[in-house]
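J.: Dropping a prediction and its sequence here:
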Amino acid sequence: MTGRAVVVTASNRAAAGVYADRSGQALAAGLRELGFDVDEPVVLPDDRAALAAALREAAASGADVVLTTGGTGCSPTDITPEATRDVIDREAPGLAEAIRAYGAPKVPTAVLSRGIAGLRGQTLIVNLPGSTGGVKDGLAVLGPLLPHLLSQLRGGDHPG
């Protein structure tokens, strides 16, 4: 698969340097394995306006895929889904539902993720949990779907 991906990590502690951004690094590595060109993750605090601005910038730069990690839980600072809703034109709810369903048998709390998926122009934006396991689950679901999805976003037809 060819394309460009952007990884955005939402984490107050990683942004402050309290700990390393392991989930963003895992996500970037997984996207590279899928054949995407990926820069280093953008690490931001849990700030709705800053996250929305980063998502808009990534889409405007021509990224095919923007995956976020972190900020999808139920704590008061988890606002990644809200920032994403501020940016997308259309939702793709089946993707987020499939990611939660994939993770739930192994980690029952996977269903607590409020992550969403959607489209801004020709860019797919998907929220993943802020854990390396949640990132792996998200990539396991998205990996097989991305070739067809990106073809669709580029105007391709459904296979006969």
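T.: Arrived safely.
J.: got a pLDDT number for the residue nearest the centre of the chain?
T.: For the chain, the residue nearest the mean C-alpha position is Leu67 (2.3 Å; Cα atoms, centre = their mean). pLDDT for Leu67: 98.
J.: For it, give me the backbone phi and psi.
T.: When read as degrees, to the nearest 10, the backbone of Leu67 gives phi -110, psi 130.
J.: Quick check: bridge partners of it?
T.: In this entry, Leu67 is beta-bridged to Val7, Val126, by DSSP bridges.
J.: residue contacts, it?
T.: 5-8, 27, 31, 125-128, 138, 142 (Cβ atoms under 8 Å, 6 or more residues apart in numbering). The way it works is simple: take the backbone N, C-alpha and C, and place the C-beta from them, glycine included.
J.: Kindly report the same for Leu27.
T.: Leu27 neighbours (Cβ under 8 Å, 6+ apart): 7, 41, 67, 69, 128, 135, 138-139.
J.: Do I have it right that Val65 meets Leu150?
T.: Yes - at 7.4 Å, Val65 counts as touching Leu150 under the criterion of Cβ atoms under 8 Å.
J.: So for the two, which residue has more residues nearby?
T.: Neighbour totals were compared for Val65 and Leu150, and Val65 leads with 24 against 19 (other Cβ atoms under 10 Å).
J.: Leaving out sequence neighbours, find the closest residue to the more buried one.
T.: Among residues not flanking Val65 along the chain, Ala5 sits closest, at 4.3 Å (Cβ to Cβ, 6 or more residues apart in numbering).
J.: Tell me how many other residues surround that neighbour.
T.: By other Cβ under 10 Å, neighbour count at Ala5 equals 25.
J.: which residues sit against the helix or strand where it lies?
T.: Ala5 is part of strand 4-10, with elements assigned from DSSP states H and E. Identification of contacts with strand 4-10 by Cβ under 8 Å, 6+ apart yields 15, 21, 23-24, 27-28, 31, 36-39, 41-46, 51, 54-55, 58, 61-71, 79-80, 83, 130.
J.: Those residues in strands, which ones?
T.: Judged by DSSP state E, strands contain the following of the contacts of strand 4-10: 37-38, 42-44, 65-69.
J.: what sits against Ala15?
T.: By Cβ under 8 Å, 6+ apart, the contact list for Ala15 reads 9, 43-45.
J.: Adding distance to Glu97, pLDDT and neighbour count, write these out as a markdown table.
T.: A markdown table is the format used below for these (distance: Cβ to Cβ, whole Å; pLDDT from 0 to 100; neighbours: other Cβ atoms under 10 Å):
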| residue | distance to Glu97 | pLDDT | neighbour count |
| --- | --- | --- | --- |
| Thr9 | 23 | 98 | 27 |
| Val43 | 27 | 97 | 21 |
| Leu44 | 26 | 98 | 22 |
| Pro45 | 28 | 97 | 16 |
